[in-house]
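*Asks:* Sequence below, structure please.
(2 chains)
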Amino acid sequence: MMKDKFFFEKNGYVIVKANNILLEELRKIIFSDIKKNKKIKNKTNDTENITQIFNNFHNYVNLKEINNVRFSLYNKINTKKSFSEIYYNIAKKYLDELVGNELSMQKKINLSIQMPNDKDSLLDLHSDIYAGESPFQVVVWIPLVNAYDTKSMFFTKPKFNKKMNEKLLNTYNYTTKEMYNKNKKKFEFLKVNYGEILIFSPLILHGNTMNKTKETRFSLNCRFKSLLSPYDVIVKSHRNIPNFYKPLNIKPMTKIGFNYLKKYSS
Amino acid sequence: MKKFAGYINLKKLNGVIYPSSIQNIMMKDFIQNILKGKFYLSPTEVMQAKFPITLKTLIGNETNVHGIVMLSSFYLPGNYQIRKSIYKNTFKMKKSIYFILDEMSLKQPSDIDKIEEFLIFNNSFFTETRIKLNFYEKSFLKKFSKISFV
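*Replies:* Numbering: from 1, shown residues only, chains lettered A, B, ... in the order given. Reported below is the predicted structural model:
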């Protein structure tokens, strides 16, 4: 665990082993919805079969339908309270170490489905901090199949992040696409297998390109931060409670302390 | 079909002003799709008033609805005594209040504690934008300056 912490502090991300029982449970929830929705028959719920269907999802859905399918799944997973509880518990032991045990959690868990050759589901080079997210948060990214090469995400190599960030914030001449294309060597596609999770800082530049592999990527992402760390930093945004985050657990001393403040501060 | 009223409030919700048209859309969607009810009306709170007269009217017996929907409990009055009377009258009139973004509701007395607990996050500790570090924080962080990425 200490090794993971040092790696994170040095690189801004870490790939760790997930709680596999819970991860499988999470994946089965999505799979059952897909099975029902796409009328996939005679398929069992065993790990190998689910992996195969996720990887070959482009054979069941065409590019025109994909966003509606994704949106319908997104709505379904986000109405199940148990889904967010499982999600948290998959990464809990690392969150305890990297962030803390009194947390707030992003209210909606995001779902990405990256089918081969889909030009419309791209997320250009960015860091989450550009959209007003807190530098105190981490992103927990969970692939539901093996992610590698262009089926995965690209990340800046740590020693280039500072410079790239400065360039991107101050350039007048380049688009984010051009910035990526001109600096491809400064990025690497992370290999994250099913059973592993990627935890990263919102300060790290990342993005994706067209998936040129023959498999579809299913992945989930959600943000966590210490409940008592700052939400809006430098600029005011909506990345706060109740607009973006929900308190995940409130410790007794936080309640006692703030209720004292509430009583005597006005 | 049960009728629900929306309640528009134009004060900042942790820094965000939701235009009334957006509040209307969100409340209508919530009432029709989540509560499976009928969207009745959504008056706006009087910004200049000392007490929440619009909310009181919606809770009162002259407004014939089963419940009230608003974006957040942060739109409840800041004064605890006034909130207490809102809670009391809601139960007296056999109505309920739903808070969309908080994913909470006021249906029974035990919900009051949950709402009051949630209102902790309307404290400036959570809502103020952090712009700089103080002297102590700066000197404390010196030894961690390498862990930065930007």
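*Asks:* switch to C-alpha atoms for all contacts and neighbour counts from now on
*Replies:* Will do.
*Asks:* so which helix or strand takes in the nearest residue to residue A:19 once chain neighbours are set aside?
*Replies:* Among residues not flanking residue A:19 along the chain, residue A:90 sits closest, at 4.9 Å (C-alpha to C-alpha, 6 or more residues apart in numbering or on different chains). Using DSSP states H and E, residue A:90 sits in helix A:81-98.
*Asks:* Remind me what that helix packs against, helices and strands.
*Replies:* In terms of contacts (3 or more C-alpha pairs under 8 Å, 6 or more residues apart in numbering or on different chains; DSSP states H and E), helix A:81-98 is packed against helix A:20-37.
*Asks:* so the residue nearest to residue A:19 touches residue A:16, yeah?
*Replies:* No: using C-alpha atoms under 8 Å, residue A:90 is not in contact with residue A:16; the gap is 10.7 Å.
*Asks:* Give me the pLDDT for residue A:175.
*Replies:* Per-residue confidence (pLDDT) for residue A:175: 88.
*Asks:* how many other residues sit next to it?
*Replies:* 13 (other C-alpha atoms under 10 Å in any protein chain shown).
*Asks:* buried sites along the helix or strand that contains residue B:55?
*Replies:* Following DSSP H and E, one finds residue B:55 within helix B:53-59. Using 16 or more other C-alpha atoms under 10 Å in any protein chain shown as the test for burial, helix B:53-59 gives B:54-56, B:58-59.
*Asks:* same check, this time on stretch A:56-68
*Replies:* Buried-residue list, stretch A:56-68, by 16+ other C-alpha under 10 Å: A:56-58, A:66.
*Asks:* before we move on, the earlier item: what about residue A:90 and residue A:16, which has more around it?
*Replies:* residue A:90 (24 against 17).
*Asks:* Would you pull up the residue in the stretch 1-150 of chain A closest to chain B?
*Replies:* Residue nearest to chain B within the stretch 1-150 of chain A: residue A:9 (5.9 Å; C-alpha to the nearest C-alpha).
*Asks:* Return the residues of the stretch 101-250 of chain A in contact with chain B.
*Replies:* Where the stretch 101-250 of chain A comes near chain B, counting by C-alpha under 8 Å from any C-alpha of the partner chain, the residues are A:158, A:161-163, A:165-166, A:203-204, A:228, A:230-238, A:240-243, A:246.
*Asks:* sorry, back to before: nearest to residue A:115 among the buried residues of stretch A:56-68?
*Replies:* residue A:58 (6.0 Å; C-alpha to C-alpha).
*Asks:* in the sheet, who's paired with residue A:139?
*Replies:* residue A:200, residue A:223 (DSSP bridges).
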